[in-house]
Structure formats: C-alpha cells, structure tokens
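J.: how would this look folded up:
(one chain, ligands or ions: 1)
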Amino acid sequence: MSTLTITNPATGATIRTVPADTPDDVTAKVARARAAQPAWRRRSLDERIGIIRAFREIIERDKATLAALTTSEVGKPLGQSKNELNGLLGRIDFFLAESAKTLAPEQVFSEGTMVEVIDHEPLGVVANISAWNYPYFVGSNVFVPALIAGNTVLYKPSEFATLTGLALADALHEAGVPKDVFIPVVGGGEIGAALTSQPVDGVFFTGSYATGKKIADAAGKSMTRVQLELGGKDPVYVADDVDAAAAAAATADGAFYNTGQSCCAVERIYVHDAIYDQFVDAFVREVGGFVVGDPTDEKTYIGPLTRAAQLAVLDEQIADAKKRGAKVAAGGQRLDRPGNYFAPTVLLNVDHSMAVMREESFGPVIGIQRVKDDAEAASLMNDTQYGLTAGVYTKDRARAEKLLRDVDAGSAYWNCCDRVSPRLPWSGRGHSGLGLTLSRYGILAFTKPKAWHLRSPG
Ligand code: NDP
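T.: You can find the predicted model right below:
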C-alpha cells in the first residue's frame, strides 16, 4: 500500500502516516466521479446550495479543531489559521448568496415567436489541485462553486496540507455531499500528474508557475479546460505624500503575514526618494517587533516555512543579492532551531539585477528599492513575468489609479495590499495564471453555456 508521511514543519516530527493513492486508484476515483455526476446535476440547485450551507455550519462548529490541524501540518501561526477559517465562512456566504441568480437561465432576446436563452450547464467532472499555503481558501474557491454548479470534484490537496484536505472532505460528506461527488485524492506531485492525465472536463490548479506550466502543456494536448492560479512577485509603490510609519506597518504585514507564503504577499517595495529613509527606519522597526516562534502559540506572527526546500531558495536569493551589493537590514539567515525557520529579512540597496527582485521568494524576505518618481516606480513594477497584484500608497486616488492602470496585474490596490475579496475576480496575468476564481465570474467558470434558440409554434 502507498503511504504519505505528514511532518510538522515547526519541529520536523512525524505527525501521522496516511494511506495514499496509486495511479490506478486515481483512475478508479475518476470513474466513480464520472458515474455520480448525472445524479448530482439532477438534484435541484436549491438542494445543492442547502448542502453547502450545511457544510458552512460544520466549518463554523469545528473551527478550533480545524485551525489546530492546519497549524500542525502547515506551520501557519494559529491566529492566522483561525483568520483563514473565518475568511472561509465569508467566502461561502458569498457563494450561497450569489449562485442562484448567477446560474439562473437568462432570456436575452424575445421577438414574435422567437426566444433566446443562455443556460449554464456544469462542466462535468472537475480536478481540483490545490496549494498548501491557504488550504481552505484555494480549495474552496474551486470546489464550493463547482459543486453548487453540479460538477463532481476530485480534490487533490497539497501533500503539505493533506490532513486539512481530508478534514474538508469529511465535512462535505457530513453535510450531505455524496462520497462519489467529492473525492479526495491523496499523494504527492506524481499523483497530481496522474490526475491531470485522466479524462476530466476541467483542471483547476493553484500552485507554482513551474507546475502550472506542466499542467497547461498536458491539458493542451487533450484539449481539457484548464485554469491556473499561480505565483506572484507583487510590487507596492509608496509615494512621497503618505505617512511613512503607517505605510511601513501596512506593507510589512502584507509582506510577512503567513510567513510571506501568500500568492499575493508583497514581494518587492519601491519607495519615493523623499520618504525612503523614514519608511525604511519604520519598516525595519516593525519587522524587529514580529514575534517569531511556535505556531501553536497565539502570540506568534512568523512561524516556520511549510516546505523545508524553500529555505535553500531564500539562502540563494540572499547570497545573490549580497553579491550584487544588497545590504541586509534585518535577518538574512535561517534560525538555529529545529524546524524550517528563517529570520524575517529586509534587504536594501536592491535592484532588478537580483533574483530577489524578480523571482518569487515565497518566504519572509523583502527587498526595498529607492525610486525617484512615479514613472520609475511604474516601470519597475512592470519589470516582471508575473502579474497577480500591485499596490500604491498615496493620499491621491487619481495618482494611484493613473499608475495602476498601466501595471499589468489582475488586482490593483490603493492604500491596501495582500487582500482578496470574494466579490471581485481573482486572476493573474502572464506567469501568474490563466482564468479566474471568485466573484460572479468565478461561479460561471465551472459551467459551460448552452445557447437555446426557442421558436414556439404559431
Ligand atoms: P506546487 O506547484 O509545488 O504544487 C501545487 C499542487 O500541485 C500541489 O498539490 C502539488 O502536489 C501538485 N503537483 C506537483 N507537481 C504536479 C504535477 N506534475 N502535476 C500535477 N500536480 C502537481 O505549489 P505549492 O503547493 O508549493 O504552492 C505555492 C505556489 O502556489 C506559489 O507559487 C504561490 O504563489 C502559488 N499560489 C497561487 C495562488 C493564486 O491564487 N494565484 C494562491 C496560493 C498559492 P504536492 O504538493 O503533493 O507536490
């Protein structure tokens, strides 16, 4: 039997070993999901929405246990695990409120005996391959609207958030989703690859650009619909008219929350020359105040990295930056303790010759670059293959909008950052992805339109 060992990233200790799938198991699971789909689709929309409402109640009931479980395997500080679960409730509420009207057939034309209607049919069987960093958010962005729309779902949590994924499956089943309608698939990357090679009707992936590219290539060959939510190198520009300390506190949180492991974490900061020194002083002070430690302690703000392999990526980025002239203003190295700990790190004197300003760090590391004006900031913000989010801090909304209109990113922030709203589409450009989740569009993403041309006799 195949197994997967779940490790605590804060200690390196084994938490549990769970049965894992083989490629043959994946084939059998896809067949079960295929067989179950017609009956699930025939259930009324109200009934499917009711089941997701029951799922919401279970999440609310089990919040504390779920938060502790996620913290144990992902290393996310407990308060932040709780925040994610509270956020999940809000996202489910959005889908509960919006799905019926979004999925209702829409009459778009009527003249004489002719009527035209757009209807929304489910895709069928959907593969949902998920990342570990926000296991509740990135999973539910897909499986909640997919199930409501009448799809069956094969859900592969990241191997680093497997217990959370299995707990989500238990909650959905308890709520009334049949076991063949939502099926967890357990394993590492090779099992994800086995799933994407199956005859499914849609592959919805959240993860890195490198894996997303492989998935897009495989889906292209079989002409399967594919949606990719990938990484980012999200910039923020701090203009000269803001309160430097307030902007520093907000952007430090945007960079270091979830130990920097957010797709929309602030990954690089450009600061107007006129307030650069003030901003940097405040930023470094802010970072110095972060509580680093045991993620099960409510006071902890920075926990371990989830994946040990990322420590080497950060080591390399920092070594490269130092070699090219960067100055380490805080942190700069791993912490000497068990677990995957890296000190919150601030790099100054950085520029775009350095990997740390161009490639995703996905950890507690930030580079701060001085710029002379808005035009230089805009040009640097666009100097990337990624296009997930971008932010501007200024008192002047028109100034921010002018700049952000020219930045090629799916989300634009004025005086905020590292923020996702269920009401707005979440999409990346370039290496940040293809397609979208959330918002009304993120419900329709799990459907295919049927165009009805209806002529009544006489
Ligand atoms: P990975 O790309 O490593 O993994 C994502 C998922 O794909 C995991 O379930 C993984 O399994 C699986 N997988 C790995 N190889 C394959 C393959 N060949 N075929 C199919 N599936 C495979 O990303 P991470 O989980 O490390 O997530 C971090 C990345 O996700 C960051 O780049 C981050 O920015 C991005 N992200 C983007 C978001 C967005 O909304 N745009 C939101 C959250 C994260 P396993 O883990 O078991 O190897």
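J.: Tell me the secondary structure at residue 204.
T.: strand (DSSP: H, G, I helix; E, B strand; the rest coil).
J.: Who does it form a beta bridge with?
T.: residue 128, residue 227 (DSSP bridges).
J.: Now do the contacts for the residue in the stretch 51-200 of the chain positioned nearest to the ligand.
T.: At 2.3 Å from the ligand, residue 192 is the closest residue in the stretch 51-200 of the chain, using Cβ to the nearest ligand atom. Placement of C-beta: from N, CA and C, glycine included. Counting by Cβ atoms under 8 Å, 6 or more residues apart in numbering, residue 192 makes contact with 129, 156, 211.
J.: Equivalent analysis for residue 303, please.
T.: Contacts of residue 303 by Cβ under 8 Å, 6+ apart are 9, 10, 71, 75, 76, 77, 259, 292, 293, 294, 295.
J.: Among those residues, which lie within helices?
T.: residue 71 (DSSP state H).
J.: tell me which of the contacts of residue 303 is nearest to residue 336?
T.: residue 292 (12.2 Å; Cβ to Cβ).
J.: Just the pLDDT at the residue lying closest to that closest one once chain neighbours are set aside, thanks.
T.: Distance criterion Cβ to Cβ, 6 or more residues apart in numbering; nearest residue to residue 292, sequence neighbours excluded, is residue 302 at 4.3 Å. On pLDDT, residue 302 comes in at 98.
J.: Residue 302 contacts residue 288, correct?
T.: No - using Cβ atoms under 8 Å, residue 302 is not in contact with residue 288, being 11.7 Å away.
J.: Which residue of the two possesses the greater neighbour count?
T.: Set residue 302 next to residue 288 and count neighbours by other Cβ atoms under 10 Å: residue 302 wins out with 24 against 12.
J.: so who does the more buried one touch?
T.: 77, 256, 259, 290, 291, 292, 293, 344, 364.
J.: what's the neighbour count on the last one?
T.: As a burial measure, the neighbour count of residue 364 was computed by other Cβ under 10 Å and equals 29.
J.: Now do the contacts for it.
T.: 255, 256, 259, 260, 302, 331, 342, 343, 344, 345.
J.: Per-residue pLDDT of the first one, please?
T.: Same thing as residue 255. So residue 255 comes in at 98 (pLDDT).
J.: burial count for it?
T.: Counted with other Cβ under 10 Å, residue 255 comes out at 29.
J.: who's in contact with it?
T.: 265, 266, 267, 269, 364, 366, 418.
J.: Equivalent analysis for residue 23, please.
T.: Residue 23 touches 190, 191, 194, counting by Cβ under 8 Å, 6+ apart.
J.: Disregarding residues adjacent in the polypeptide, which is nearest to the first one?
T.: In space, residue 190 comes closest to residue 23 once its chain neighbours are excluded; the distance is 7.9 Å by Cβ to Cβ, 6+ apart.
J.: Then the second one?
T.: Excluding its sequence neighbours, the residue lying closest to residue 191 (Cβ to Cβ, 6+ apart) is residue 21, at 5.4 Å.
J.: Please identify the residues of this structure in proximity to the ligand?
T.: Neighbours of the ligand within the chain, by Cβ under 6 Å from any ligand atom: 129-134, 138, 156, 158-160, 188-189, 192-193, 196, 206-208, 211, 214-215, 229-232, 263, 360, 362, 388, 426, 428, 433.
J.: buried subset of those?
T.: 129-134, 138, 156, 158-160, 192-193, 196, 206-208, 211, 215, 229-232, 263, 360, 362, 388, 426, 428, 433 (16 or more other Cβ atoms under 10 Å).
J.: which element is residue 270 on?
T.: Using DSSP states H and E, residue 270 falls within strand 266-272.
J.: no no, residue 83
T.: helix 78-103.
J.: so who does residue 3 touch?
T.: Residue 3 touches 17, 18, 19, 20, counting by Cβ under 8 Å, 6+ apart.
J.: Among those, which one has the most neighbours?
T.: residue 20 (18 neighbours).
J.: Find the nearest non-adjacent residue to the residue in the stretch 251-400 of the chain that the ligand sits nearest to, please.
T.: The ligand sits closest to residue 263 of the stretch 251-400 of the chain, with a gap of 3.1 Å, by Cβ to the nearest ligand atom. Leaving aside its chain neighbours, residue 263 sits nearest to residue 232 (5.3 Å; criterion: Cβ to Cβ, 6+ apart).
J.: repeat for residue 438
T.: Nearest non-adjacent residue to residue 438 (Cβ to Cβ, 6+ apart): residue 426, at 4.5 Å.
J.: quick one, phi psi at the one you found?
T.: phi -110, psi 110 (degrees, to the nearest 10).
J.: can I assume it is in contact with residue 419?
T.: No - in this structure residue 426 lies outside contact range of residue 419 using Cβ under 8 Å: 10.5 Å.
J.: Could you measure from the nearest residue to residue 405 once chain neighbours are set aside over to residue 251?
T.: Distance criterion Cβ to Cβ, 6+ apart; nearest residue to residue 405, sequence neighbours excluded, is residue 412 at 7.9 Å. Distance, residue 412 to residue 251, by Cβ to Cβ, to the nearest Å: 15 Å.
J.: Compare the two (neighbour count), which wins?
T.: Between residue 412 and residue 251, residue 251 has the larger neighbour count (other Cβ under 10 Å), namely 26 against 15.
J.: wait, what's in contact with that one?
T.: Contacts of residue 251 by Cβ under 8 Å, 6+ apart are 236, 238, 266, 269, 283, 391, 393, 417.
J.: can you tell me the helix or strand for the fifth one?
T.: Just to be clear, that refers to residue 283. helix 276-288.
J.: average pLDDT across that helix?
T.: Mean predicted lDDT for helix 276-288 stands at 98.
J.: What helices and strands are in contact with the helix or strand following it?
T.: Elements were assigned by DSSP H and E; along the chain past helix 276-288, the next helix or strand is helix 309-323. Here helix 309-323 is seen to pack against strand 345-348, strand 365-371 when contacts are counted using 3 or more Cβ pairs under 8 Å, 6 or more residues apart in numbering; DSSP states H and E.
J.: what's the longest one in contact with?
T.: So that's strand 365-371. Contacts for strand 365-371 (Cβ under 8 Å, 6+ apart): 237, 252, 255-256, 260, 266-273, 276, 279-280, 283, 314, 317-318, 321, 326, 331, 342, 344-348, 350-351, 354, 356-357, 377, 380.
J.: CA atoms only for stretch 97-114, dumped as PDB, please.
T.: What follows is stretch 97-114 as a C-alpha-only set of coordinates in PDB (Å, rounded to 0.1, in the frame of the first residue of the first chain):
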ATOM      1  CA  ALA A  97     -25.900  34.400  -1.800                       C
ATOM      2  CA  GLU A  98     -24.800  34.700  -5.400                       C
ATOM      3  CA  SER A  99     -25.100  31.300  -7.000                       C
ATOM      4  CA  ALA A 100     -28.800  31.100  -7.600                       C
ATOM      5  CA  LYS A 101     -29.000  34.300  -9.500                       C
ATOM      6  CA  THR A 102     -25.700  33.800 -11.400                       C
ATOM      7  CA  LEU A 103     -26.700  30.300 -12.500                       C
ATOM      8  CA  ALA A 104     -30.300  31.100 -13.400                       C
ATOM      9  CA  PRO A 105     -31.100  30.800 -17.200                       C
ATOM     10  CA  GLU A 106     -31.100  34.300 -18.800                       C
ATOM     11  CA  GLN A 107     -33.500  35.300 -21.500                       C
ATOM     12  CA  VAL A 108     -31.600  37.600 -23.800                       C
ATOM     13  CA  PHE A 109     -34.000  38.100 -26.700                       C
ATOM     14  CA  SER A 110     -37.700  37.800 -27.400                       C
ATOM     15  CA  GLU A 111     -39.400  38.800 -30.600                       C
ATOM     16  CA  GLY A 112     -42.600  37.300 -32.000                       C
ATOM     17  CA  THR A 113     -42.400  33.500 -31.600                       C
ATOM     18  CA  MET A 114     -38.600  33.500 -31.000                       C
END
